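Trainee: Below: sequence and its predicted model.
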Amino acid sequence: MTELRQLYDEQGRQLPGQGAGKYEVLEEALLHAASHVWIWRVRNDTVEILIQKRAAQKATFANLYDVSAAGHIDLGETPLDAALREAQEEIGLVVNKEDLHLIGLDRSTIPVPGTAWIENEFCWLYTLRLDGEQTFTLAEDEVGSLFWKNLAEMKKDIQSPEHCSQYTPHGVTYFNIIFDAVERQHLIARGDNIV
């Protein structure tokens, strides 16, 4: 059975009953969507982000650093349901929907290197804070590895052309949404006054 991606209009609304196959959306640059879950924690007063290295056999952006867990929204699925599903499928993490924080919606058109494909999509961006130790179970066909990255170091990476090329090319604006949200959530959790 072929998985169908939910198609969207330019206002970010689902087109009811309209879907397309995994490669069809890329080949025809059809507007579809994904849910991205960025996981963070605090260790020794340092904020860290969980980074995924995409599997070597991925058809798009293989071996690049990327979001903690993410995936396309299936036909008829909500962005939140896709986020919950992908966290469990890709890294074995069962998440309560109340723990996910929607922080933004990004619209991107990204050419896929080495192909004529275009990743033309909306990305629903979520954050999730983890406390305590966590064991992850990786979907080997999706995720090559996971590691925790110091937030300050990741911000430097994204600003550096040399290091930024190691990440999936979401763009500086996308990453700034993530960085700003995680920093704000950390300050609130710490009890700082936020204006």
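Mentor: Ah, there it is.
Trainee: is Val8 in a bridge, and if so with what?
Mentor: Rather than Val, residue 8 is Tyr. Going by DSSP bridges, Tyr8 is paired in beta bridges with Gln14.
Trainee: How much space separates it from Leu105?
Mentor: With distances taken as CB to CB, to the nearest Å, Tyr8 is found 11 Å from Leu105. From N, CA and C alone the C-beta is placed, and that goes for glycine too.
Trainee: anything in contact with each of those two?
Mentor: With CB atoms under 8 Å, 6 or more residues apart in numbering applied, the overlap between the contact sets of Tyr8 and Leu105 consists of Phe122.
Trainee: ok, the two, which is more surrounded?
Mentor: Under the neighbour definition other CB atoms under 10 Å, Tyr8 and Leu105 were set side by side, and Tyr8 has more, 20 against 13.
Trainee: Number of residues surrounding the nearest residue to Phe179 once chain neighbours are set aside?
Mentor: Using CB to CB, 6 or more residues apart in numbering and skipping residues adjacent in sequence, the residue nearest Phe179 is Lys155, 5.7 Å away. Taking other CB under 10 Å as the criterion, the count of residues near Lys155 is 17.
Trainee: and the helix or strand hosting Lys155, how far out from the chain's middle?
Mentor: Assigning secondary structure by DSSP states H and E places Lys155 in helix 151-159. Shown here is helix 151-159, whose average C-alpha point lies 17 Å from the average C-alpha point of the whole chain (CA atoms, centre = their mean, to the nearest Å).
Trainee: Equivalent analysis for stretch 97-105, please.
Mentor: Relative to where its chain is centred, stretch 97-105 has its mean C-alpha point 12 Å off (CA atoms, centre = their mean).
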